[in-house]
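Visitor: Below: sequence and its predicted model.
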Amino acid sequence: MIELNPAQRRLRSGDVLSACLIGKVQRHTESFGNGDCLLFDFDHRIFAVSDASERCPQASRRLLQALAVCACRMPWPDCLEAAWRTQPYVQKTTFVGVQIEMDPTPCARIVAGGDSMIWIVDRLNGKMLFRNAPDMHVAGGMSEMPGAIRVLLTPGSRIVLASDGIMDVLERNGEDGGMISGLAMGAAPMDWIGKIQNMVRQKQCRSVVHDDIAVMVIDPFKEGPAWPQILLFGGTSPHEEAHFAGSSLPGAWMTIEEAERQGWPETMGMRFCDIAGSDRQGFQKSA
């Protein structure tokens, strides 16, 4: 089961996965969109974050929806390369994504470009198994994405994907630079997301300015949902952000079906479609 908390722009799936979007501090106005976008493709076990500029915040959504289309036609990371080539030069976005494989050997196949982050930490011993290095050549308009990196997963592995806005709050404002520090290793992904949101709010109270933030936490060894749709979360226009800011969304957990009956997913900036080929073909238009 996947649940949403519309007011907090949070998503969770039990103790398997959780994610959230946090807009720019004091920028929920009609002048700014939210350039961060999250992709959840449970069928292909592909998860990604894209971060676009203020000039074209919806470019992040367009990249990830192109990836969703390509993922049902070709393997990872070829599908990403095909999606990347659909982007106009002036709308290039940063990107970090992973496909999780459990058979025959558990591993994460990672592609990262720009200053968005992917970290893999072993919750059983607290060791960092992988952390990508920023590569802003991608945002500058590389002709192709970097190659995939294969990282073996340990039974305690937890995967964190985040846009660079989180570092505006933590690293650039006197913190030790470790988003993982201070988080209980035994806590569920939804608890990590809640803790991160609370840390951001504390900084906001001290007038810390930050970029948009998108964060996703995944426990790959937990049994995930057999969810028949691809979810896109974010990459919203200034009009969509103004609508979100002006809406009284409930701060309670509810299933996607319950939220959809009230129209909350669209207000949150969420789009989704069925995996069926005919629906996937029309995804780009509907998103």
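Guide: That came through fine. Because the structure is a prediction, the values reported are computed rather than measured. Numbers count the residues shown, from 1 in each chain.

Visitor: Remind me which helix or strand the residue of the chain positioned farthest from its centre belongs to.
Guide: Distance to the chain centre peaks in the chain at Pro104, reaching 26.6 Å (criterion: C-alpha atoms, centre = their mean). Counting by DSSP states H and E, no helix or strand carries Pro104.

Visitor: And the helices in the protein?
Guide: 59-71, 78-84, 165-169, 189-205, 238-245, 256-262, 264-268, 277-281, 283-286 (DSSP state H).

Visitor: Please spell out which residues along the longest one are buried.
Guide: Meaning helix 189-205. Using 16 or more other C-beta atoms under 10 Å as the test for burial, helix 189-205 gives Pro189, Met190, Asp191, Trp192, Ile193, Gly194, Ile196, Gln197, Met199, Val200, Lys203. Bear in mind the C-beta positions are built from the backbone N, C-alpha and C, glycine included.

Visitor: In contact with the fourth one, which residues?
Guide: Residues touching Trp192, when contacts are defined by C-beta atoms under 8 Å, 6 or more residues apart in numbering, comprise Ser18, Val160, Leu183, Val217.

Visitor: From Asp15, how far off is it?
Guide: 11 Å (C-beta to C-beta, to the nearest Å).

Visitor: related to what we said a few turns ago, tabulate the buried residues of helix 189-205 (JSON lines), appending distance to Ala259.
Guide: Shown next, in JSON lines, are the buried residues of helix 189-205 (distance: C-beta to C-beta, whole Å):
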{"residue": "Pro189", "distance to Ala259": "19"}
{"residue": "Met190", "distance to Ala259": "16"}
{"residue": "Asp191", "distance to Ala259": "21"}
{"residue": "Trp192", "distance to Ala259": "22"}
{"residue": "Ile193", "distance to Ala259": "17"}
{"residue": "Gly194", "distance to Ala259": "19"}
{"residue": "Ile196", "distance to Ala259": "22"}
{"residue": "Gln197", "distance to Ala259": "19"}
{"residue": "Met199", "distance to Ala259": "26"}
{"residue": "Val200", "distance to Ala259": "23"}
{"residue": "Lys203", "distance to Ala259": "28"}
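
Visitor: what's the closest of the residues you listed to Met270?
Guide: If you rank those by distance to Met270 using C-beta to C-beta, Ile193 comes first, at 15.7 Å.

Visitor: pretty sure that closest one is in contact with Ile22, am I right?
Guide: No - using C-beta atoms under 8 Å, Ile193 makes no contact with Ile22, being 10.2 Å away.

Visitor: Give the intersection of the neighbour lists for the two.
Guide: With C-beta under 8 Å, 6+ apart as the test, Ile193 and Ile22 both reach Val215.

Visitor: Just grab the bridge partners of Trp119 for me.
Guide: Arg131, Val160 (DSSP bridges).

Visitor: Might one say that it is in contact with Val160?
Guide: Yes - contact status for Trp119 versus Val160: in contact at 4.5 Å, counting by C-beta under 8 Å.

Visitor: neighbour count winner among the two?
Guide: Val160 (22 against 18; other C-beta atoms under 10 Å).

Visitor: got a list of what Asp15 touches?
Guide: Contact analysis of Asp15 by C-beta under 8 Å, 6+ apart lists Ala188, Pro189, Met190, Asp219, Lys222.

Visitor: contacting residues around Pro225?
Guide: Pro225 is in contact with Met1, Ile2, Ser13, Gly14, Val16, Phe42, counting by C-beta under 8 Å, 6+ apart.

Visitor: Give me the distance between it and Trp264.
Guide: Pro225 sits 19 Å away from Trp264, going by C-beta to C-beta.

Visitor: can I assume Cys79 is in contact with Leu64?
Guide: No - between Cys79 and Leu64 there is no contact under C-beta under 8 Å: 11.3 Å.

Visitor: Neighbour count for these two, which is higher?
Guide: Higher neighbour count among Cys79 and Leu64: Leu64, with 32 against 23, using other C-beta under 10 Å.

Visitor: per-residue confidence at that one?
Guide: With respect to pLDDT, Leu64 scores 93.

Visitor: ok, it touching Cys37?
Guide: Yes - contact criterion C-beta under 8 Å: Leu64 and Cys37 qualify, at 5.3 Å.

Visitor: what touches both of the two?
Guide: When contacts are counted by C-beta under 8 Å, 6+ apart, Leu64 and Cys37 are jointly contacted by Ser50, Leu232, Gly235.

Visitor: From Arg73, how far out is the nearest residue to the first one once chain neighbours are set aside?
Guide: So that's Ser50. Once flanking residues are discounted, Ser50 sits nearest to Ser60: 3.8 Å by C-beta to C-beta, 6 or more residues apart in numbering. Ser60 is 21 Å from Arg73, where distance means C-beta to C-beta.

Visitor: Fine by me, thanks again.
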